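K.L.:
Starting from these lines, generate the structure:
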Amino acid sequence: MFELKNVTKKFNSDLFTKEFVAVNNLSFELKMGSVTGFLGANGAGKTTSLKMIMDFIRPDSGEILFNEAMGIEKSKILSNLGFLPERPYFYPHLTGREFCIYMGKLSGLSKSDIDSQIQKWGPIFKIEFALDREVRNYSKGMLQRIGFLVTLLHDPKLIILDEPLSGLDPIGRKELKEVITKVNHEGKTVFFSSHIISDVEEVCQNVIFIKDGALFYEGTVEKIIGENSSGMTTITFSENDELSKLTIDSDKVNDQLMKLVQEKKEIIKVSRDRPSLEEIIYNVK
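P.N.:
Here you go, the predicted model:
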């Protein structure tokens, strides 16, 4: 859907302060049709990168290229983007429905198209019961739902979400992850930043991990976990009514299992030693 090529962005608050490099020669490619997690510690450059992709700010060097499927002209590319910022602004005295209508009209949608999208997505986001309440009475989870719904009104091809699961309770996170999966199954590409790494592991096929503004890892979730696995497997078995564990190289598991069976040991569990994505990311130095 898009590609960053050697993108750098620096900030300087005044003449006497050294330039701060927020994004440092960053290159990566977002695959069409994927759900990709954008990972990095606070201050790693995630939000700055998203702002450049959205054309809110410009890089100092490098370029951001979009696939022809997004359009040729910048106006067409932006019309195929749906963006939910980390801290969206909601007009508190509008109802949820009025807010959707207002935002839909800003995207050039007709009233009938907006109503159709509300009817489609309202039940999916479980927000239809609150659409005629003023937004100022919404909880954090309800605001995230209405914000996400508005992001989808104009039927964009690419959805960009900045920390969409932050601050939600476990049920709210679960429900929004289900919506992300549904949106992807409808053919949309989803790119979202998050510091909740277990959620990224659950819903994403790919991850892009940046550190100090530079690319640290790009690829599938399975690949990064595989590259950081020990290659060992633990066999749990029963011996004289006591549980025992044996950890061996994974390529020797079959032979060891046959041996244990021949010795009439009861096999309880076979588990490959596999770190979580969270363990890998937090152990990066």
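
K.L.:
Check which helix or strand the residue lying closest to Ser61 once chain neighbours are set aside maps to.
P.N.:
Nearest non-adjacent residue to Ser61, counting by CB to CB, 6 or more residues apart in numbering: Thr8, 4.7 Å away. The way it works is simple: take the backbone N, C-alpha and C, and place the C-beta from them, glycine included. Here Thr8 is covered by strand 2-11, with elements defined by DSSP states H and E.

K.L.:
Also Ile118?
P.N.:
Here Ile118 sits within helix 111-125, counting by DSSP H and E.

K.L.:
before we move on, what about Gly82?
P.N.:
Judged by DSSP H and E, Gly82 forms part of strand 81-84.

K.L.:
how about that strand: buried residues?
P.N.:
Leu81, Gly82, Phe83, Leu84 (16 or more other CB atoms under 10 Å).

K.L.:
pLDDT averaged over it, what's the number?
P.N.:
The pLDDT scores in strand 81-84 average 94.

K.L.:
And the next helix or strand past that strand?
P.N.:
Immediately after strand 81-84, counting by DSSP H and E, sits helix 96-106.

K.L.:
packing partners for that next one?
P.N.:
helix 111-125, helix 140-152 (3 or more CB pairs under 8 Å, 6 or more residues apart in numbering; DSSP states H and E).

K.L.:
Could you list the low-pLDDT ranges of the stretch 1-150 of the chain?
P.N.:
For the stretch 1-150 of the chain, applying pLDDT under 70 flags the ranges 13-16.

K.L.:
quick check, distance from the strand holding Thr8 to the centre of its chain.
P.N.:
Counting by CA atoms, centre = their mean, to the nearest Å, strand 2-11 is centred 19 Å from the centre of its parent chain.

K.L.:
Which neighbours in the sheet does it have, and how are they oriented?
P.N.:
The strands that strand 2-11 pairs with in its sheet are strand 20-30 (antiparallel), strand 61-66 (antiparallel) (by DSSP bridges).

K.L.:
Go through that strand and flag the buried ones.
P.N.:
Of the residues in strand 2-11, those buried by neighbour count under the rule 16+ other CB under 10 Å are Phe2, Leu4, Val7, Thr8, Lys9.

K.L.:
which residues touch it?
P.N.:
With contact meaning CB atoms under 8 Å, 6 or more residues apart in numbering, strand 2-11 is reached by 19-30, 45, 48-49, 52-53, 57, 59-67, 70, 158, 213.

K.L.:
Also stretch 249-267?
P.N.:
Residues outside stretch 249-267 that contact it (CB under 8 Å, 6+ apart): Gly231, Met232, Thr233, Ile235, Thr236, Phe237, Ser238, Glu239, Leu246, Ile248, Val270, Arg272.

K.L.:
measure that stretch end to end?
P.N.:
End-to-end distance for stretch 249-267: 17 Å, by CA to CA, to the nearest Å.
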